[in-house]
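K.L.:
Next comes the sequence, and after it the predicted model I'd like to discuss.
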Amino acid sequence: MIPFSIRAIRTETRDTKSFELSFDQPISYLPGQFLSVIRKRGDFETRRQYSFSSHPVLSRFPIITVKRIENGELSRWLFDESKVGDTLFSAGVSGRFILPADIKQIKTILFLAAGSGITPVRSLMQELLNFHRDKRVILVYSNRSAEDTIFINTLQAVAAGFSAANS
Ligand SMILES: Cc1cc2nc3c(=O)[nH]c(=O)nc-3n(C[C@H](O)[C@H](O)[C@H](O)COP(=O)(O)OP(=O)(O)OC[C@H]3O[C@@H](n4cnc5c(N)ncnc54)[C@H](O)[C@@H]3O)c2cc1C
């Protein structure tokens, strides 16, 4: 088990927060992968998976973005009670929702996301827009309302910047 602490907390929407994490031993991950998070309380452990919303190279620290689920055990604790400095544990990084090893022939990539499903997509989009600039990236992102849309400002700025750059 790998210990880590919460380094910073940012509110994204009324029910979603991002958590910047600090590991003693640096972890490696690919855009699209997730972290298995463990919260220990006495003899009890709660384990859940959270995708990285950060990019492994562009972000200094790994970030997970968690939507509070009504009656949910870990997401509710993270949203309502956790604070900077709290220690959690991880069972490591996994996930196959990553870019194919060879994407030379691919011209357009379409992402379909809804709600907190945007977290791995954000990381993948950062990879494509920054390191594979010949690709066209399309995002279809479904949410209840603009105010419930995680990363709305960043995504709109990115869309405006890249549309302008490519027009
Ligand atoms: C690969 C992967 C990546 C993920 N990435 C993200 C991410 O980036 N961001 C994110 O927010 N989430 C993500 N998730 C979801 C996350 O792992 C958790 O499932 C989510 O946060 C809910 O966990 P919880 O402990 O809060 O809720 P839980 O305690 O697991 O409860 C979930 C729901 O089930 C209900 N429930 C629990 N037990 C029972 C029962 N016995 N009978 C009936 N109902 C019950 C609860 O009331 C609640 O509504 C990801 C999941 C996977 C598998």
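P.N.:
On my side now, so go ahead. Residues are numbered from 1 along each chain as shown.
K.L.:
and residue 159, what does it touch?
P.N.:
Residue 159 makes contact with residue 139, according to CB atoms under 8 Å, 6 or more residues apart in numbering. Where C-beta positions appear, they are placed from N, C-alpha and C, glycine not excepted.
K.L.:
Now do the strand or helix carrying it, average pLDDT.
P.N.:
For residue 159, the element it lies in under DSSP states H and E is helix 152-166. For helix 152-166, mean pLDDT rounds to 79.
K.L.:
Residue 53 reaches residue 122, doesn't it?
P.N.:
Yes: between residue 53 and residue 122 there is a contact under CB atoms under 8 Å: 5.0 Å.
K.L.:
ok so, going back, tell me the buried residues in the helix holding residue 159?
P.N.:
152, 155, 158 (16 or more other CB atoms under 10 Å).
K.L.:
Need the nearest residue in space to the last one, chain neighbours excluded.
P.N.:
It refers to residue 158. In space, and not counting its chain neighbours, residue 158 is closest to residue 129: 6.7 Å by CB to CB, 6 or more residues apart in numbering.
K.L.:
packing partners for whichever helix or strand that neighbour is part of?
P.N.:
Here residue 129 sits within helix 118-131, counting by DSSP H and E. Applying 3 or more CB pairs under 8 Å, 6 or more residues apart in numbering; DSSP states H and E, we find helix 118-131 packed against strand 44-51, strand 63-67, strand 108-114, strand 136-142, helix 152-166.
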